[in-house]
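Q: any chance you can model this:
(4 chains)
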Number of protein chains: 4
Amino acid sequence: MQETTVVIKKKIKFKKPVLVEGLPGIGLVGKLAADHLIKELKAEKVAEIISPHFPHQVLMQKNGVMRMLKNKIYYAKGKKHDILILVGDVQAITSEAQYEVCGKMLDYFQSCGGTMIYTLGGYGSGKTPEKPRVFGSASHKHLIAEYKKLGIVFGESHGSIIGAAGLLLGLGKIRHLEGICLMGETHGAYVDAKSAHAVLEVLTKILDVKVDMAKLTERAKAGEAFMKKMEAEAAKQKGAAEQQLLPAGGKSELSYIR
Amino acid sequence: MQETTVVIKKKIKFKKPVLVEGLPGIGLVGKLAADHLIKELKAEKVAEIISPHFPHQVLMQKNGVMRMLKNKIYYAKGKKHDILILVGDVQAITSEAQYEVCGKMLDYFQSCGGTMIYTLGGYGSGKTPEKPRVFGSASHKHLIAEYKKLGIVFGESHGSIIGAAGLLLGLGKIRHLEGICLMGETHGAYVDAKSAHAVLEVLTKILDVKVDMAKLTERAKAGEAFMKKMEAEAAKQKGAAEQQLLPAGGKSELSYIR
Amino acid sequence: MQETTVVIKKKIKFKKPVLVEGLPGIGLVGKLAADHLIKELKAEKVAEIISPHFPHQVLMQKNGVMRMLKNKIYYAKGKKHDILILVGDVQAITSEAQYEVCGKMLDYFQSCGGTMIYTLGGYGSGKTPEKPRVFGSASHKHLIAEYKKLGIVFGESHGSIIGAAGLLLGLGKIRHLEGICLMGETHGAYVDAKSAHAVLEVLTKILDVKVDMAKLTERAKAGEAFMKKMEAEAAKQKGAAEQQLLPAGGKSELSYIR
Amino acid sequence: MQETTVVIKKKIKFKKPVLVEGLPGIGLVGKLAADHLIKELKAEKVAEIISPHFPHQVLMQKNGVMRMLKNKIYYAKGKKHDILILVGDVQAITSEAQYEVCGKMLDYFQSCGGTMIYTLGGYGSGKTPEKPRVFGSASHKHLIAEYKKLGIVFGESHGSIIGAAGLLLGLGKIRHLEGICLMGETHGAYVDAKSAHAVLEVLTKILDVKVDMAKLTERAKAGEAFMKKMEAEAAKQKGAAEQQLLPAGGKSELSYIR
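A: Residues are numbered from 1 along each chain as shown, chains lettered A, B, ... in the order given. Alright, predicted model coming up:
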């Protein structure tokens, strides 16, 4: 496989769909929000994204079956707009890989007839906010007036948005798509369910859906455990490149073994 | 050469072949088992795999002839299924390279009419087991009931399978192939012939062949010596990029020399 | 997106245009000079260059709108030759990326009918010159006699020109284009408006335009602040690959998170 | 430019040419020998090799003209076989790059009608030999008997040949070309004109040409000075990615500046 591949699991004719992105990122804010949204809306999986830019490993599941690392797209019926939700295990590491993966995601989204994108993330400040604000950065100026009304704070977040949460908007704009990045204020060094909660409050208003927040904190713990496991496996893959084959006899470079 | 290339050495019409993979990995368990199987079954080489993703060096052999780094596929006649065995010097290092190499291997295997894959490896636990168990991770749930009967332990190995042993199954599944990864319980820090023995006991039952284990330990030592040499060469290739051209005059970066 | 893309913003029939390149480099000398030239000539933007080889992040602007990292081409009417000025946020990091990006820039320049290139940079000497000289390196020997008359010093700068300032000339020469690299003598460790001034004095004579230097120092400070921000974001992107998700519990490798 | 490109400088109909390779390597043995051969045979340049896998910098020459980093092919008329000599500034660093570059070189060589390759290098032993032997590693077993007669020692050099000196033979063999790698015994940590001398003694017998060795040591010093400069520029290119823009204010990552 030499290109990122979208594997269609269910062929559905979507109604003016919007895309919500919640891949792993700062404080896992976007991931927690999107995973929770999928469960509360009982969204069904419509596509999987496999990529040569994801780590070359498979996960061993408790049921004895292995699975590839992947991103997934879920679908929930909406009032005015159907909702497509993008989640997953990992993001690509290099710039070239990120541009390629995001390009393929946008190809799929456009083939579904979509034109509006909401990416979710955390805005790390190094401090734990009492009441997390939701910051916004828009693809186009004209969107700001409307979305400000929801309490989203525009123009006060500094720096850059790294990864899919930024690139889907930037590359989307070149394709005449529109979008907003919603960032929950967070410390940045830990998994923040409270920040995800704040982002979801805003997002559910935008999407015009009702979502029970009760299980969010509980799911945050499970999400945290999974990501810790992912970190361990990423370290193992790196370590496999520097593994000592024989404990005696000094340090050997075993980049090509395993 | 810009793509991994399968060089056909012998054109044979295979009978519903299965693929056994034993490339270098944890404890060299898979490699020892597969190399031993080739010798005991007197399997013949049918293909070589050369790749721009393998190190850019050739090995100087004792007979005065140089050879490329490669993977190789051997063939042995089987009762119900012919057996194709994949072994070699190295695995690719980056994710993109691994996906490309495994894709080419699967192309070849499918062109041979194959549909079932057994990948062999070690499951490193950090402890030396008295009697190594054989863990399994399957491509599909329905395979487990049948293979459990052979004493393979499913669902108790945690984490991920890195490299070809995992990717051949994951990418194979997308192509509607099926497979099991057999992992011999091992410490992980040394070459483990006893773990390879345990994996071979199970594999020979699956393949319905008889294999003499007597020479396995002896061959383990030779395999270990070869891999130590490979490690040394890998280190040299890395060191060549940081080599001091002149001993006096400080540290120079000679990335482009040799 | 898998290739560097030139996005045309304004289609203009240029008159024998020359290209002036001032991307970020040593002492930001080239960037300061080119940015200042654009403002004083009131040049208009005619194209943007987006690339998968630029960092995978978008910048959050004060007006609440995000933007991609990019290079830009501006146009100003000239007497004998129209002037195209290439500036931007970043340069690509790897050799393969640099060759590809510069190739695409030259494709565009040739499509505009251009044949002469002036690249601007700094020549770092580790010392702060009292009166910075302007060094030159030409694509062809025959250019030197004419350009020497402007006081450009040829043959006394040693070493190499790294990045677009060098490659645009080298790759341009293969396409039968001609060019000179103008390098302002500078310390190399700080942003040098005085060196940019010296380069501009020479360049404006070459281009036969008049440019007020009054605001150059003031603009130098703004350019410096912007580049410091870019450095911080580049560090964040690197740090995101090594981020600790959880403060307690040791160091985790989170390469795939964000 | 996205592929290694051979730029033909002179179109000549070669007579059963052989290829002699002497790119930078251990002890610069191969480079010294090949560069000296070119000068003594008064060989003329017939092609240049430019590559996106070579560093993205141009060299500033004393005559005020810049030049790309490149490899070059020279031609000298031979008795039974014309002689093509491959020399240059650098080799590619990654495996994928090396395979691609060597593949393009072999394409060119085959288009010239060539079938036999001699690659030159150093065999580093960590000791300074009194009288350096010349080791050999052949593409095919049948070559050894003939070449042994010249005093070349086969089968006693261990490990691997890294880079073009090895890959040209390995990839050449797949294309049904033949070749020998001649390695002068050397310490490995310094430029060794004596080892180059030993290799040339053998090579000139193979090529049936007479070459005056008088200037070899003198040219060795010039080659050494050039390579030290190349090392400095390679370090600068690496350092440019970690350059401090501002001396005060801590360490900044300036990967994208210059």
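Q: tell me which element residue A:236 falls in.
A: Using DSSP states H and E, residue A:236 sits in helix A:216-240.
Q: where does pLDDT dip in chain A?
A: For chain A, the stretches with pLDDT under 70 are A:239-258.
Q: show me the contacts for residue A:17.
A: Listed by CB atoms under 8 Å, 6 or more residues apart in numbering or on different chains, the contact partners of residue A:17 are A:75, A:78, A:81-84, A:109, A:112-114. From N, CA and C alone the C-beta is placed, and that goes for glycine too.
Q: swap in residue A:175?
A: A:106, A:110.
Q: now swap in residue A:210 and tell me
A: Contacts for residue A:210 (CB under 8 Å, 6+ apart) come out as residue A:204.
Q: wait, a helix at it?
A: No: when classified by DSSP: H, G, I helix; E, B strand; the rest coil, residue A:210 is found to be coil rather than part of a helix.
Q: ramachandran coordinates for it?
A: phi -110, psi 130 (degrees, to the nearest 10).
Q: where do the helices of the stretch 1-150 of chain A begin and end?
A: A:29-40, A:95-111, A:144-148 (DSSP state H, counting those that start in this stretch).
Q: next, the buried residues of the last one.
A: Think helix A:144-148. The neighbour-count check on helix A:144-148 (16 or more other CB atoms under 10 Å in any protein chain shown) flags A:144, A:147 as buried.
Q: mind giving me the packing neighbours of that helix?
A: strand A:134-138, strand A:153-154 (3 or more CB pairs under 8 Å, 6 or more residues apart in numbering or on different chains; DSSP states H and E).
Q: swap in the first one?
A: If you count contacts as 3+ CB pairs under 8 Å, 6+ apart, helix A:29-40 packs onto strand A:18-21, strand A:71-76, strand A:83-88, strand A:116-124, strand A:178-186, helix A:193-207, helix A:216-240.
Q: the first one: partners in the sheet, and parallel or antiparallel?
A: Yep, that's strand A:18-21 we're talking about. strand A:83-88 (parallel), strand A:116-124 (parallel) (DSSP bridges).
Q: quick one: closest of these to residue A:32.
A: In terms of CB to CB, the element of these nearest to residue A:32 is strand A:116-124, at 9.0 Å.
Q: and stretch A:6-25, how far apart are its ends?
A: Using CA to CA, to the nearest Å, the span of stretch A:6-25 from its first residue to its last is 22 Å.
Q: before we move on, what about stretch A:118-129?
A: Using CA to CA, one end of stretch A:118-129 lies 23 Å from the other.
Q: quick one: contacts of it?
A: When contacts are defined by CB under 8 Å, 6+ apart, stretch A:118-129 is touched by residues A:18-22, A:25-30, A:33-34, A:135, A:157, A:161, A:164-166, A:168-169, A:179-189, A:192, A:195, A:199, A:203, A:206, C:258.
Q: switch to 7 Å and redo it
A: A:18, A:20-22, A:25-27, A:29-30, A:33-34, A:135, A:157, A:161, A:164-165, A:168-169, A:179-188, A:192, A:195, A:199, A:203, A:206 (CB atoms under 7 Å, 6 or more residues apart in numbering or on different chains).
Q: count of neighbours near residue A:153?
A: Look at residue A:153: counted by other CB atoms under 10 Å in any protein chain shown, it has 15 neighbours.
Q: quick revisit: format the contacts of residue A:17 as CSV; extra columns: neighbour count.
A: Output for those, formatted as CSV (neighbours: other CB atoms under 10 Å in any protein chain shown):
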residue, neighbour count
A:75, 22
A:78, 18
A:81, 18
A:82, 19
A:83, 24
A:84, 25
A:109, 26
A:112, 19
A:113, 12
A:114, 20
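Q: reformat the residues you listed as a markdown table; add distance to residue A:91.
A: Converted to a markdown table, those look like this (distance: CB to CB, whole Å):
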| residue | distance to residue A:91 |
| --- | --- |
| A:75 | 21 |
| A:78 | 26 |
| A:81 | 25 |
| A:82 | 25 |
| A:83 | 21 |
| A:84 | 18 |
| A:109 | 17 |
| A:112 | 21 |
| A:113 | 25 |
| A:114 | 20 |
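Q: identify the farthest-apart pair in those residues.
A: A:78 and A:109 (14.9 Å).
Q: for the helices and strands packed on helix A:144-148, which one sits closest to chain B?
A: Judged by CB to the nearest CB, the one of these that comes nearest to chain B is strand A:134-138, at 29.9 Å.
Q: now find how far off-centre that closest one is within its chain.
A: In terms of CA atoms, centre = their mean, to the nearest Å, the gap separating the centre of strand A:134-138 from the centre of its chain is 16 Å.
Q: so which elements touch it?
A: Identification of packing neighbours for strand A:134-138 by 3 or more CB pairs under 7 Å, 6 or more residues apart in numbering or on different chains; DSSP states H and E yields strand A:153-154, strand A:178-186, helix A:193-207.
Q: most packed of these?
A: strand A:178-186 (a mean of 27; mean count of other CB atoms under 10 Å in any protein chain shown).
Q: what are the pairing partners of that strand, and which direction each?
A: Paired neighbours of strand A:178-186 in the sheet (DSSP bridges): strand A:116-124 (parallel), strand A:134-138 (antiparallel).
Q: same list (the ones you listed) but as a markdown table, adding mean neighbour count.
A: Listed next are these as a markdown table, based on neighbours: other CB under 10 Å:
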| stretch | mean neighbour count |
| --- | --- |
| strand A:116-124 | 27 |
| strand A:134-138 | 26 |
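Q: got these as JSON lines, with distance to residue B:40 columns?
A: Below are these laid out as JSON lines (distance: least, CB to CB, whole Å):
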{"stretch": "strand A:116-124", "distance to residue B:40": "56"}
{"stretch": "strand A:134-138", "distance to residue B:40": "64"}
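Q: of all those strands, which one is nearest residue A:224?
A: That would be strand A:116-124 among the strands paired with strand A:178-186, by CB to CB, at 13.7 Å.
Q: and the angle from that closest one to helix A:193-207?
A: Comparing the axes of strand A:116-124 and helix A:193-207 via axes from the mean of the first three to the mean of the last three CA atoms, to 10 degrees yields an angle of 160 degrees.
Q: quick one, strand A:116-124 and helix A:29-40 angle?
A: 130 degrees.
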